[in-house]
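>>> With the sequence up front, the predicted model follows.
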Amino acid sequence: MLKRLLLITGLAAVIGYFLQRRLVPAVGAETGIDPAEKLRRKLDEARSRDEPEPELSDDLDARRREVHERARASTDEMRGSSSD
């Protein structure tokens, strides 16, 4: 008796799930606008703005060395091999 009840409940859940998925409209279907087209427009708008690009440091090598030194120091500290 319990097996039949579980089987019927499971079948009803599966049927309900598929019916619900079928009734829910796809994203962008109600507006008629393609989501990819919407993203392309946003990208075009962002590119068309006249925003200045950020200034990069002239001495990138020094900055890069500094970042690597800090990273090495952090990893040494985490490993416990720092000078104690």
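That came in fine, so what should we check first?

>>> rest of the way, CA atoms for contacts and neighbours
OK.

>>> Distance of E37 relative to D44?
Separation of E37 from D44 (CA to CA, to the nearest Å) stands at 11 Å.

>>> average model confidence for the longest helix along the chain?
Ranked by residue count under DSSP state H, the longest helix found in the chain is helix 2-23. The average pLDDT within helix 2-23 is 90.

>>> hey, C-alpha coordinates of that helix in CSV?
Provided in CSV are the C-alpha atoms of helix 2-23 (Å, rounded to 0.1, in the frame of the first residue of the first chain):
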residue,chain,number,x,y,z
LEU,A,2,2.8,2.4,1.0
LYS,A,3,4.7,1.6,-2.2
ARG,A,4,1.7,2.5,-4.4
LEU,A,5,1.3,5.8,-2.6
LEU,A,6,4.9,6.6,-3.0
LEU,A,7,4.8,5.7,-6.7
ILE,A,8,1.7,7.8,-7.3
THR,A,9,3.2,10.7,-5.4
GLY,A,10,6.4,10.5,-7.3
LEU,A,11,4.7,10.3,-10.7
ALA,A,12,2.5,13.3,-9.8
ALA,A,13,5.6,15.3,-8.8
VAL,A,14,7.4,14.4,-12.1
ILE,A,15,4.4,15.3,-14.2
GLY,A,16,3.9,18.5,-12.3
TYR,A,17,7.5,19.5,-12.8
PHE,A,18,7.4,18.9,-16.5
LEU,A,19,4.1,20.8,-16.9
GLN,A,20,5.5,23.7,-14.9
ARG,A,21,8.7,23.9,-17.0
ARG,A,22,6.6,23.9,-20.2
LEU,A,23,4.3,26.8,-19.0
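
>>> just how off-centre is that helix within its chain?
33 Å (CA atoms, centre = their mean, to the nearest Å).

>>> same thing with stretch 71-84?
Going by CA atoms, centre = their mean, where stretch 71-84 is centred and where its chain is centred differ by 32 Å.
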